[in-house]
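Colleague: My questions concern the predicted model and sequence given below.
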Amino acid sequence: MQKKFRTLVFVFFFVAFIPSIIFGFIIWYIDPFALWHKPFYCPNQVYEYKNMRYNAKRFLERSDYDSLIFGSSMLENTSAKEAAKKLGGSFINISIRGSHFNERRFILDYALAKNKNIKQVLTTFDIEIIPFLHTFSYLAMKHWGVLYDKEILNDYSVYTNKETLAYIFSTFFKLISGKEVSCENRDFDRPASFFAESEHLLGGIKNFVKNDYNLNETKSAVEKIKNKQISKDELNPKDLALIKELFDKDVIEPIKNHQDTEFIMIVAAYSVVKSAIAFQTNPAGARLQKYFLKYLLNQNLPNLKVYGFDNMGFTDDIANYVDLGHYSKDINSKMLDWIAQKKGILTTKNFDEYWDKYEQKSKAFDLSKFLEELQKAKE
């Protein structure tokens, strides 16, 4: 009787676990983020390529590299092969659009722990996010952050949302039924690049205005200035102290902790229009940006080089931009040339002159006239 009972218990649990085993196998087999293996069905696909928070692990785990291109969207169009040719080393580009310093720090720690021979990290100093460092919610990292901890099994949790599960199971059933699976192949040289879908906005006002965002943001800024809705409020000491604490932790600390790695940091080169909006509608925020960039330079970190390219002329020509902040891939290429030539390096000695010119140009730019040009081109 006892033997029969044990058999029934075994059968019960075996039958109960079969669905879970099948479920887990399907997720493992499709594995759209390539967490456990290269894709069997679409080897050159990067699922949800616009969100490298998830996909960075794939490239960190399955690529041959000794250097990283790891900034915001300002570096997404930078060629890893071109960077290797001009700067030396073997690069991969895992830049994350819209990323904060703390998000990048989290993944960078994983990368530097996994590959202790990383020679160079090419990244961005995104000055526009400085005033908002203290408002970032770490809950935003909760879902994808499990990919970069020490646990392996919890990686499955990134596949628990409805959209991804629907993709996984629809793809699996197409495969077993012999139906064609549509694959969106990506260039692994710069997997999150966006130039293919945005190059039609380059070339000047007539193309630039095709993006409604460009017109609307400029119009909003002009109205704020006209109505004297200028943000002049300085951050309170508590918030400023928190920003400094986070900046030390997420920007400066990794550089100090990895003296054998060269960090190349590019100050985000926004168009003169975007810079004008910042200085003319939020002067307090602009002052904060200046403070932390200068603070970074004053650290005198031997393995850090900071580059400012705003004085190279391209930021003044809207023909180089698809929107107020993002330039063409040709500019990404030129930046690699300038870095190789050591042009544009910012130091404590030349910073004030650099910033003063940048500030004067931004304050002098006529946003109202530019808005008129946009509106005329829109007609």
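Modeller: Thanks, I have it. Numbers count the residues shown, from 1 in each chain.
Colleague: Just the buried residues of stretch 127-137, please?
Modeller: 127, 128, 129, 130, 131, 133, 134, 136 (16 or more other CB atoms under 10 Å). All C-beta atoms are positioned from the backbone trio N, CA, C, and that covers glycine.
Colleague: Repeat that for stretch 218-233.
Modeller: Applying 16+ other CB under 10 Å to stretch 218-233 flags 218, 221, 222, 224, 225 as buried.
Colleague: ditto for stretch 256-266
Modeller: For stretch 256-266, burial by neighbour count (16+ other CB under 10 Å) applies to 258, 261, 262, 263, 264, 265, 266.
Colleague: Could you pull up the residues touching the closest residue to the third one other than its chain neighbours?
Modeller: When you say that, I think you mean residue 262. Distance criterion CB to CB, 6 or more residues apart in numbering; nearest residue to residue 262, sequence neighbours excluded, is residue 120 at 4.9 Å. With contact set as CB atoms under 8 Å, 6 or more residues apart in numbering, residue 120 has these partners: 66, 67, 68, 87, 88, 89, 91, 261, 262, 263, 264.
Colleague: List the contacts of the second one.
Modeller: Under the criterion of CB under 8 Å, 6+ apart, the contact partners of residue 67 comprise 83, 84, 87, 89, 90, 91, 92, 118, 119, 120, 121, 122.
Colleague: Please name the bridge partners of the residue nearest to residue 262.
Modeller: Beta-bridge pairing for residue 120 (DSSP bridges): residue 67, residue 262.
Colleague: Show me which of the contacts of residue 120 is closest to residue 159.
Modeller: Taking CB to CB as the measure, residue 68 is the one of those closest to residue 159, at 25.9 Å.
Colleague: Between the contacts of residue 67, which sits nearest residue 253?
Modeller: Nearest to residue 253 among the contacts of residue 67: residue 121, at 13.6 Å, using CB to CB.
Colleague: doesn't residue 66 make contact with the closest one?
Modeller: No. In this structure, residue 121 is not within contact of residue 66 by CB atoms under 8 Å, at 10.7 Å.
Colleague: Among the two, which residue is more densely surrounded?
Modeller: More crowded of residue 121 and residue 66, by other CB atoms under 10 Å: residue 121, with 25 against 16.
Colleague: so what's that one up against?
Modeller: Taking CB under 8 Å, 6+ apart as the criterion, residue 121 is in contact with 67, 68, 70, 108, 261, 262, 263, 264.
Colleague: Equivalent analysis for residue 95, please.
Modeller: Neighbouring residues of residue 95 by CB under 8 Å, 6+ apart: 52, 69, 70, 71, 72, 73, 74, 75, 76, 78, 124, 192.
Colleague: Repeat that for residue 68.
Modeller: Under the criterion of CB under 8 Å, 6+ apart, the neighbours of residue 68 are 91, 92, 93, 94, 108, 111, 118, 120, 121, 122, 123.
Colleague: Just the element for the last one, please.
Modeller: Secondary structure assigned from DSSP states H and E places residue 123 in strand 120-125.
Colleague: on contacts alone, who are the packing partners of the helix or strand following that strand?
Modeller: The helix or strand immediately downstream of strand 120-125 is helix 162-176, counting by DSSP H and E. With contacts taken as 3 or more CB pairs under 8 Å, 6 or more residues apart in numbering; DSSP states H and E, helix 162-176 sits against helix 2-30.
Colleague: rewinding a little: now the residue nearest to residue 262: how far from residue 28?
Modeller: Plainly put, residue 120 is 34 Å away from residue 28 if you go by CB to CB, to the nearest Å.
Colleague: how about the strands in this protein?
Modeller: 67-69, 91-93, 120-125, 262-267, 304-307, 345-346 (DSSP state E).
Colleague: For residue 18, grab the count of nearby residues.
Modeller: 10.
Colleague: can you start the count at 163 instead of 1 from here on
Modeller: From this message on, residue numbering opens at 163, which makes the last subject residue 180.
Colleague: what's the distance between it and residue 414?
Modeller: Distance from residue 180 to residue 414, by CB to CB: 52 Å.
Colleague: Next: residue 424.
Modeller: Noted for residue 424: a distance of 15 Å to residue 414, by CB to CB.
Colleague: Residue 187 too?
Modeller: 45 Å.
Colleague: how about the nearest residue to the residue most central in space within the chain, chain neighbours excluded?
Modeller: Central residue of the chain (CA atoms, centre = their mean): residue 258, 2.2 Å from the mean position. Spatial nearest neighbour of residue 258, chain neighbours left out: residue 214 (4.6 Å); criterion: CB to CB, 6+ apart.
Colleague: Also residue 491?
Modeller: In this structure, residue 491 finds its nearest non-sequential neighbour in residue 239, 4.1 Å apart by CB to CB, 6+ apart.
Colleague: contacting residues for the one you found?
Modeller: By CB under 8 Å, 6+ apart, the residues touching residue 239 are 352, 355, 356, 357, 490, 491, 494.
Colleague: For those residues, work out which two are farthest apart.
Modeller: Greatest spatial distance among those (CB to CB): 352 and 490, at 13.3 Å.
Colleague: Those two: who's more crowded?
Modeller: residue 352 (26 against 20).
Colleague: roughly how far apart are residue 222 and residue 379?
Modeller: In terms of CB to CB, residue 222 sits 35 Å off from residue 379.
Colleague: Then residue 470?
Modeller: Look at residue 470 and residue 379: by CB to CB, they are 23 Å apart.
Colleague: which of the two has more neighbours?
Modeller: Comparing residue 470 with residue 379 by neighbour count (other CB under 10 Å), the higher total belongs to residue 470, at 21 against 17.
Colleague: Quick check, pLDDT for the more buried one.
Modeller: Residue 470 carries a pLDDT value of 97.
Colleague: I figured residue 352 hits residue 245, correct?
Modeller: No. With contact defined as CB under 8 Å, residue 352 does not reach residue 245; the gap is 9.7 Å.
Colleague: Mutual contacts of the two, please.
Modeller: Counting by CB under 8 Å, 6+ apart, the shared contacts of residue 352 and residue 245 are 231, 255.
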